[in-house]
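A.B. asks: Give me coordinates for this.
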Amino acid sequence: MNTPTTYPALSAYITVKKAAKAIEFYKAAFDAKELFRLTMGGPDCIAHAELSIRDTLIMLSEEFPGMSKSPQTLGGSPVTFCLIVDNADAAFAQAVAAGAAVLRAVADQFYGFRSGCVTDPFGHIWMIQHQTETLTPQQMQERMSAMPEGC
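C.D. replies: This next block holds a predicted model:
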């Protein structure tokens, strides 16, 4: 497996329980490519791994006491990953078939995308979407303003 020669300015680093299973899930659900992994004390304790999903780098590791906690330990996650795909319906179905739980079914959105949300088996939230129309921020605001209040 190869490591990138250069790293992007920003990438996600997530913590999971059972990182080896998480890597296999991300491969099945999102067509992730494993670049490499580093283990501690045996093959089941992944201290660091790097995956590529489309053109994005995702790093991950097991929980480490005093350092990092998974959404399962925290009781949820305030972070949502936004995955842009060619076909949200197909990618959503692939993620669900791989074991993701539906949070919000795929539907057309006011901001010009078709999207849905899932939670992966490790507690991370993924918004899966594709663009259906090109809108200006002003057009999006007009549509948002016509919606019922939310905040």
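A.B. asks: got the buried residues for stretch 94-107?
C.D. replies: With burial defined by 16 or more other CB atoms under 10 Å, the residues of stretch 94-107 counted as buried are 94-96, 98, 100, 106. Backbone N, C-alpha and C define where each C-beta goes, glycine included.
A.B. asks: And stretch 27-47, by the same measure?
C.D. replies: 29-30, 32, 35, 37, 46.
A.B. asks: now stretch 48-56
C.D. replies: So, applying 16+ other CB under 10 Å, buried residues of stretch 48-56: 49-51, 53, 56.
A.B. asks: how far is it from where the chain is centred?
C.D. replies: 11 Å (CA atoms, centre = their mean, to the nearest Å).
A.B. asks: pull the CA atoms of that stretch into CSV?
C.D. replies: Once non-C-alpha atoms are left out, stretch 48-56 reads as follows in CSV (Å, rounded to 0.1, in the frame of the first residue of the first chain):
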residue,chain,number,x,y,z
HIS,A,48,-2.9,4.9,12.7
ALA,A,49,-4.4,4.2,9.2
GLU,A,50,-4.9,6.2,6.1
LEU,A,51,-7.7,5.8,3.6
SER,A,52,-8.5,7.6,0.4
ILE,A,53,-12.2,8.2,-0.5
ARG,A,54,-12.4,9.7,-3.9
ASP,A,55,-9.9,12.6,-3.7
THR,A,56,-10.0,12.9,0.1
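A.B. asks: follow-up on the earlier one: let's see which of the buried residues of stretch 27-47 end up in helices.
C.D. replies: 29-30 (DSSP state H).
A.B. asks: would you turn the buried residues of stretch 27-47 into CSV with distance to residue 73?
C.D. replies: Shown next, in CSV, are those (distance: CB to CB, whole Å):
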residue, distance to residue 73
29, 22
30, 23
32, 23
35, 26
37, 21
46, 16
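A.B. asks: how about the helices in this structure?
C.D. replies: Using DSSP H, helices in the chain cover 19-30, 71-74, 88-98, 137-145.
A.B. asks: contacting residues around the last one?
C.D. replies: Read that as helix 137-145. For helix 137-145, the external contacting residues (CB atoms under 8 Å, 6 or more residues apart in numbering) are 110-112, 135.
A.B. asks: Take these and, keeping just the buried ones, write it as a PyMOL select command.
C.D. replies: Command for PyMOL that selects the buried part of the contacts of helix 137-145, burial taken from 16+ other CB under 10 Å:
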select buried, resi 111+112+135
